[in-house]
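**Student:** the sequence and its predicted three-dimensional model are supplied below.
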Amino acid sequence: MDKVSTIAGRAIPLGLKNVDTDVIIPAHWLKTVSREGLGKGAFETIRQAPGNPFDVEDFAGAPILIAGDNFGCGSSREHAAWAMLDLGIRAVIAPSFSDIFSGNAFKNGILTVVLPPEQVDRLLEVAKDHPITVDLETQTVTTPFQDRFEFEVDPFRKHCLLEGLDEIGLTLESVDAIENHERKRAADLPWLDAPQRRDAA
């Protein structure tokens, strides 16, 4: 998982409430077992509408998405996070998120930022023409107009995102303790490592 620290650039001003995971990635895209290429199907129904923000040239490759309340509701498909990551989105700002989506986003290196509705509205306005910066280290969202909005983040999730640690990475952080345990177990319980004997029939 890539490290997440400062995410800066244009932000897609979606602003819609109750965007569920079927909108983020429709069910017919779930047949694949690969994470690659899912960005093509991300927000497919929204992107079919003329003038949608995803097709505005200024927002091409934007690393930030700004949405409304209850983003990521619906089914628990992890493909939603995969599709957004494949689209290039590394942070989502909204007044609230589905717990399951928020967890899936975190496990895939996407930062979910919860801000009050009035601050989200301000960012939606700024995002139309200007970049936004999300700084995980200082837990702030800033704009070129001196806006500075602070957000909360779970300390464990912050550590994992800053260090780029997924479940495997977290396990490898304890590799010395694991190896010491294996050596002690082998010395104390050597029969566990002995070849299994099968009695002849």
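**Tutor:** Good, I have the coordinates.
**Student:** can you give me how far stretch 143-151 is from the chain middle?
**Tutor:** Here stretch 143-151 is found 22 Å from its chain centre; the criterion is Cα atoms, centre = their mean, to the nearest Å.
**Student:** tell me which residues of that stretch are tucked away?
**Tutor:** Thr143, Phe149, Phe151 (16 or more other Cβ atoms under 10 Å). Heads up, the C-betas are built off the backbone N, CA and C, glycines and all.
**Student:** what's that stretch in contact with?
**Tutor:** Contact with stretch 143-151 is made by 113-115, 119, 122-123, 126, 130-133, 139-142, as judged by Cβ atoms under 8 Å, 6 or more residues apart in numbering.
**Student:** what's the straight distance from one end of it to the other?
**Tutor:** Chord length of stretch 143-151, first to last residue, is 14 Å (Cα to Cα, to the nearest Å).
**Student:** in TSV: the buried residues of stretch 143-151, plus distance to Pro195, secondary structure and pLDDT.
**Tutor:** Supplementary listing: the buried residues of stretch 143-151 in TSV, determined by distance: Cβ to Cβ, whole Å; DSSP: H, G, I helix; E, B strand; the rest coil; pLDDT from 0 to 100:
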residue	distance to Pro195	secondary structure	pLDDT
Thr143	66	coil	98
Phe149	62	strand	98
Phe151	56	coil	98
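**Student:** ok, so of those residues, who is nearest Phe101?
**Tutor:** Lowest distance from Phe101 to these (Cβ to Cβ) belongs to Phe151, with 16.8 Å.
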